[in-house]
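Engineer: Build me a model from this:
(one chain, ligands or ions: 1)
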Amino acid sequence: MSELNIPWQSSADIRRKFVEFFESKGHLHVPSSSLVPHNDRTVLLTTAGMQQMIPYFLGLETAPAERMCSIQKCFRTVDIDEVGDESHSTFFFMLGNFSVRDYFKAESLVWSWEFLTEWMGIPPEVLYPTVHPEDEEARNIWLNSIGVPEARVSGLDDNWWQAGPVGPNGPDSEIYVNRGPSFEGDVPGDDGPRFLEVWNNVFMQYNTDQDGVRTPLAKPCVDTGMGFERLVLLLQGGRTMYDTDLYSGIIGKIQELSGVTYDVDPQSTRSIRIIADHLRGATFLIGDGVLPGNEGRSYVLRRVLRKAIRHGRLIGLTGPFAEQIAQVVIDQFGGDYPELRDREAQILKVLRYEETSFSKTLTSGVNRLQTLTAELKASGTTEIPGEEVFRLYDTFGFPYDLTAELAQEEGLTIDSVGFTTAMERQRVTSRSADRFKAASNERSGIYASIQPRTEFLGYEHLRSESTIVALIGPDGPVEQVEAGQEIEVVLDRTPFYGESGGQVGDTGDIRTETGLINIDETRKPAPDLFVHRGIVAEGFIAVGDSAHAIVDGIRRQGIRRNHTATHLLHKALRMVIGPEAHQAGSLVAEDRLRFDFTSLDAIPASDMRTIAEIVNREIGSDTPVTTTVTPYKEAVAKGAMALFGEKYGDVVRLVEIDEFSQELCGGTHVGRTGEIGPFVITSESSVAAGTRRIEALTGNAAIERMLGQQRVLDELGRELKVSWVEVPTQIQAMQDRSRTLEREIDRLRGQLAGAKSEDLLQQAIEVNGIRVVTSRVEVESKDGLRQLADRLRDSLQSGVIALGAIVDGKPSLLIAVTADQVAAGIKAGDIVRQAVVHIDGRGGGRPELAEAGGKNPEGLDAALEAVSGIVSGYAL
Ligand code: SER
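Structural biologist: Okay, the predicted model is just below:
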């Protein structure tokens, strides 16, 4: 009997009654969805029963029923640091009923009341409903339809519920239970333990979009959530949820293993609660496929696990205990959550590994932290430097939050910015250095000794069930790797294509029961050895483990397109250029292809067009592509093209594109040429003497390129105010016009210069009977100066011309002397050399024409003025 005078009932009974009650109200009992949300990538973990309902509420998907109920596994990280006290937890179950555009407030509230009072036997007088202050409808239902006295119904401003910044939301009505005066607290909503919120009825009336705009839903929905642990606590009459049968088995096991009694010493009680909550949650997380690691959900799992392990050590649990606690959890909940049974072996294995691996460094890490704490305190500092926090993370496997917690216990803070910087620095260094290269000589020896060799399945399959044959780290073979480490993996059989014959290697995932490796490179150091390289993203992996190897199929499809297109291009090229065009290398990637071939000359544009047409025509015919393994002689008899520089054994793989092309090739190809999609050549260029290169795109990459070109053409058309088809004609017309204008400008310049020279002649003065023209003029180049001088000399017939100009900011001087005056002894070079001193420069030339440039523009007038004097100095 509880304090509330309710007969004790088991959590299993309560669960069963909840489902029965809502089934009696026409609800479909839907299974709990996974803790890893499938339909919402923005959410780390499932935190409420309504999460799987969101697409139904928004009308994006059709619900299996309009009325549903569930008992959802939930994991919330918000209170993770609070766990250990009486009420906070990470993992919990949520009972919920949902209406997808069916019933609304009246039914929902009446049923909540009926279930709590009649089915659960909670006395009505301890129930205190709250409503949103503006929700008169809900208030009325409580007061008038259900008959709760006014004094027990209150309005709470924060009675509004929404899963995140975006999504369905609306006012809610929360039901509190008054647990009596032995608990602290005064009113519902004050967060004290006396008034315990047990059930939340949310009336989904709105949706908030990315921009924060709230719009009403076409028809409202209902989402209710009742914390199962709380309900069980009320009905079983304990003080905290740890006093219920949901935890008794787990806590009993912890007591048994440690010899420590729960609820005696506050410190060890806190540790026991942390172990119980965290290991129950961890068991369910692994049951849903989460593996420990350093990011996202994997990090959450690692964090709770390592914290539980540390608290286990604090209460004297020295051996591997986590798996024993998990076993209790699996036995208790495996019936309702069959995934726990399905993954039982995996759960236990992961826990054992994580505990063993962390235990190795836990003690030394704690010692290190203690020394550090003493040093810091002695030096009067209260912050642990980021570098040290990183060292604890990197060397001792202390999740950041664990260090933060330990620091807090010592009254210290940690430098989170410094930690992030140290972490980033390590990322950059490990990315920039190919740590595998260092030992590359020894690697060939390692590769040679690996047995068994690899069977390649990638022609038929993108997935395989394989076994891990070898793991090779930067320093050589290892037995085991864990999250965060870079590794090379050899499998007994693989669907991953190893880079060869110009075709890039596959990428994808290798997943085992306990770990996940993201593969970003596959090579083939020997014909029968495939080496996959990647980073362990989650968990751990050991030699001998069974593994699923999964190739990135979308990327592979791109590669297949480009490879078959390369064969088509090769053939088309030989058809157009002639058989002397030999392949000299190629690259077949997922987004492009490159083909090198022998040719002395550039390929004319018209030939390139023909080649592209032939390839696209073959694609359009959707010709089947077949591969056969055949004796070399037969392949050659069929006219197969053997790739340049490759060696073939007796048996070869012949890739035939019907009658069109036959090539010996080990690569992966499309089934029919139609799969290639459009083929576009993007360039034809020279790579070396006698070697040309064609680059091309297929499929989506080709479409994107064409669309990009179209966008540019449209843009040009808009600028030129013509349709895109007319752009070339319009540009031609503009170029013609600009040529006409240039000619016109030249003509006018000539005219202008003529007029100018006339002017200057007028200004000629006589010195010793010699006509001298001196002028400072404006020209754009020295050439302009020369042209003007030529013209003046013709008109002047006899005399000396001195012209000066500033060209590009520098003074320029030109002296021209007519032939008769040269004959009389006047030399342009002499004049220039004397005048040039004014412009601080140098010059010289022939007797008829001399030029000088200087550094002092200010002296230009003086230089010109000096000319008459120099001429007068000639004693003729
Ligand atoms: N979504 C609400 C909650 O989580 C009711 O289910 O409290």
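Engineer: show me what contacts the closest residue to residue 359 other than its chain neighbours?
Structural biologist: Once flanking residues are discounted, residue 359 sits nearest to residue 309: 6.9 Å by Cβ to Cβ, 6 or more residues apart in numbering. Backbone N, C-alpha and C define where each C-beta goes, glycine included. Under the criterion of Cβ atoms under 8 Å, 6 or more residues apart in numbering, the contact partners of residue 309 comprise 322, 354, 355, 358, 359, 362.
Engineer: Quickly find the element holding residue 309.
Structural biologist: Using DSSP states H and E, the secondary-structure element containing residue 309 is helix 296-314.
Engineer: do residue 496 as well
Structural biologist: Per DSSP H and E: residue 496 is located in neither a helix nor a strand.
Engineer: What strand or helix carries residue 549?
Structural biologist: With the criterion set as DSSP H and E, the secondary-structure element containing residue 549 is strand 546-551.
Engineer: And what about the residue in the stretch 651-800 of the chain that the ligand sits nearest to, helix, strand or coil?
Structural biologist: Closest residue of the stretch 651-800 of the chain to the ligand, Cβ to the nearest ligand atom: residue 700 (40.4 Å). Here residue 700 takes the helix state, with states given by DSSP: H, G, I helix; E, B strand; the rest coil.
Engineer: Pretty sure it sits against residue 675.
Structural biologist: No. Contact criterion Cβ atoms under 8 Å: residue 700 and residue 675 do not qualify, at 12.0 Å.
Engineer: Helices along the stretch 651-800 of the chain, start to end?
Structural biologist: Chain-ordered helices for the stretch 651-800 of the chain, with DSSP state H, counting those that start in this stretch as the definition, fall at 699-720, 727-762, 782-796.
Engineer: Among those helices, show me which one is buried the most.
Structural biologist: Among those, the stretch with the highest mean neighbour count (mean count of other Cβ atoms under 10 Å) is helix 782-796, at a mean of 18.
Engineer: what packs against that one?
Structural biologist: Counting contacts by 3 or more Cβ pairs under 8 Å, 6 or more residues apart in numbering; DSSP states H and E, helix 782-796 packs against helix 727-762, strand 770-776, strand 800-807, strand 810-817, strand 849-854.
Engineer: which residues are in contact with the second one?
Structural biologist: The contact list for strand 770-776, computed with Cβ under 8 Å, 6+ apart, reads 760-761, 763-766, 792, 796, 798-805, 821, 826, 860-861, 864-865, 867-868, 871, 876.
Engineer: Would you mind listing the residues in contact with the residue in the stretch 1-150 of the chain that the ligand sits nearest to?
Structural biologist: Closest approach of the stretch 1-150 of the chain to the ligand (Cβ to the nearest ligand atom) occurs at residue 48, with a separation of 3.6 Å. For residue 48, the contacting residues are 72, 74, 94, 96, 163, 223, 225, taking Cβ under 8 Å, 6+ apart as the criterion.
Engineer: ok, 7 Å please
Structural biologist: Residue 48 makes contact with 74, 94, 163, 225, according to Cβ atoms under 7 Å, 6 or more residues apart in numbering.
Engineer: Max pairwise distance over those residues: which two?
Structural biologist: With distances taken as Cβ to Cβ, the most widely separated pair in the contacts of residue 48 is 94 and 163, at 12.4 Å.
Engineer: neighbour-wise, which of the two wins?
Structural biologist: Neighbours were counted for residue 94 and for residue 163 using other Cβ atoms under 10 Å; residue 94 has more, 23 against 17.
Engineer: Quick check: beta-bridge partners of that one?
Structural biologist: Residues in a beta bridge with residue 94, per DSSP bridges, are residue 72, residue 227.
Engineer: so which strand or helix has the closest residue to the ligand within the stretch 551-700 of the chain?
Structural biologist: In the stretch 551-700 of the chain, the residue found nearest to the ligand is residue 554; the distance is 35.7 Å by Cβ to the nearest ligand atom. According to DSSP H and E, residue 554 maps onto helix 553-577.
Engineer: pLDDT at whatever residue of the stretch 151-300 of the chain ends up closest to the ligand, what is it?
Structural biologist: Taking Cβ to the nearest ligand atom, the ligand has its nearest neighbour within the stretch 151-300 of the chain at residue 225, 2.3 Å off. The score at residue 225 is 97. That number is its pLDDT.
Engineer: Close to the ligand: what parts of the stretch 751-876 of the chain are there?
Structural biologist: Residues of the stretch 751-876 of the chain found near the ligand, taking Cβ under 6 Å from any ligand atom as the criterion, are absent altogether.
Engineer: Okay, now the unreliable bits of the stretch 751-876 of the chain?
Structural biologist: Along the stretch 751-876 of the chain, the model assigns pLDDT under 70 to residues 875-876.
Engineer: Just give the number of residues close to the closest residue to residue 624 other than its chain neighbours.
Structural biologist: Ranked by Cβ to Cβ, 6+ apart and with sequence neighbours excluded, the top spatial neighbour of residue 624 is residue 672, at 5.3 Å. Under the neighbour criterion other Cβ under 10 Å, residue 672 is assigned a count of 16.
Engineer: for this protein, what are the low-confidence residue spans?
Structural biologist: Counting by pLDDT under 70, the ranges of the chain that qualify are 1-3, 39-42, 430-441, 641-650, 875-876.
Engineer: From residue 445, how far out is the residue in the stretch 351-500 of the chain positioned nearest to the ligand?
Structural biologist: Distance from the ligand to each residue of the stretch 351-500 of the chain (Cβ to the nearest ligand atom) is smallest for residue 401, at 24.2 Å. To residue 445, residue 401 is 43 Å away according to Cβ to Cβ, to the nearest Å.
Engineer: If you count surrounding residues, which of the two has more?
Structural biologist: For residue 401 versus residue 445, neighbours defined as other Cβ under 10 Å are more numerous around residue 401 (19 against 10).
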